[in-house]
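In: Sequence unavailable; structure follows:
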């Protein structure tokens, strides 16, 4: 099964295009296990058990850096979480933002797909096509890759909105991504830039190629999930192949709702799913 088919099938099954970001912050995890590995793993195991039983998600996005900051205990927790997610039938996007050249890129691709066993990965395109090729080769075997295109952070405009002739850098990069395209290769576009999202969505639809979009930036970063859906529908883009990500707003929803952390996460996921609406 291709990665795009996997996205479609899982979205139809759960009636959801929510992606749950898994970004551990030990200081915010309300568990008191004997070590960081257990705290992180159980925190997400309990949350994911509830989310899957309520049919709220089909995709998760653990951010590598949030685990690596805790050394080997964090990385062991990441391995266990990915294995647990795979057992639950969840799509795993490893948010690692890899971007290097030659044998280094090959080594990173092998790590992502063969050691971590991720279904997809996020990639930085700054070093050009040869930094992406080793990852895109895996797309031929059903894996996915999301290339950073128009990111959700405020500093995105520093480079991505520079003019190259009569076009912005992100527009030129979008054209290059189509040149490099393999089925399963997609892009990251932040919900915080709706005008750019609409322009790029229309561009990819016109190309007749299925380009999955990973859309961070909703919730605390200020993006609107309902606006994202309106844009995708307006540009006649197939909702089933895209994912709208929320991380801290769900992970630590207990800070807002003052309920048990699992109950709070489920409540936040339901609200996000309702905001997205019928797919």
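Out: In hand now; what should we look at? Small disclaimer: the values here were computed from a predicted structure and weren't measured.
In: hey, let's count contacts and neighbours off CA atoms from now on
Out: Fine.
In: Give me the neighbour count for residue 46.
Out: Using other CA atoms under 10 Å, residue 46 has 12 other residues around it.
In: From residue 57, how far out is it?
Out: 14 Å (CA to CA, to the nearest Å).
In: now swap in residue 5 and tell me
Out: Where residue 57 is concerned, residue 5 sits at a distance of 17 Å (CA to CA).
In: So those two - more neighbours on which side?
Out: Higher neighbour count among residue 5 and residue 57: residue 57, with 25 against 15, using other CA under 10 Å.
In: Now the more buried one. Nearest residue, chain neighbours left out?
Out: residue 18 (5.8 Å; CA to CA, 6 or more residues apart in numbering).
In: now swap in residue 14 and tell me
Out: Closest residue in space to residue 14, ignoring its immediate chain neighbours: residue 55 at 5.6 Å, by CA to CA, 6+ apart.
In: Am I right that that neighbour falls within a helix?
Out: No. Applying DSSP: H, G, I helix; E, B strand; the rest coil, one finds residue 55 to be coil, outside a helix.
In: low pLDDT regions in the chain?
Out: Flagging of the chain using pLDDT under 70 yields the residue ranges 220.
In: just the helices in it please.
Out: 3-14, 36-53, 64-68, 71-87, 102-110, 129-139, 157-160, 169-180, 194-206, 225-234, 248-251, 254-257, 261-276 (DSSP state H).
In: buried sites along the second one?
Out: Neighbour counts using 16 or more other CA atoms under 10 Å place 36-45, 47-48, 50-52 of helix 36-53 among the buried residues.
In: what do you get for the first one?
Out: Within helix 3-14, the residues that qualify as buried by neighbour count (16+ other CA under 10 Å) are 3-4, 6-11.
In: nearest to residue 106, of those?
Out: Residue 106 has its nearest neighbour among the buried residues of helix 3-14 in residue 3, at 19.9 Å by CA to CA.
In: gap between the closest one and residue 120?
Out: 8 Å.
In: Now for the two: what residues contact both?
Out: 143-144 (CA atoms under 8 Å, 6 or more residues apart in numbering).
In: who touches stretch 193-207?
Out: Contacts of stretch 193-207 (CA under 8 Å, 6+ apart): 150, 152, 171, 174, 189-191, 210-211, 223, 227-228, 231-232, 235-237.
In: Please convert the buried members of those residues into PyMOL selection syntax.
Out: Typed into PyMOL, the line below selects the buried ones among the contacts of stretch 193-207, using 16+ other CA under 10 Å:
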select buried, resi 150+152+171+174+189+190+191+210+211+223+227+228+231+232+235+237
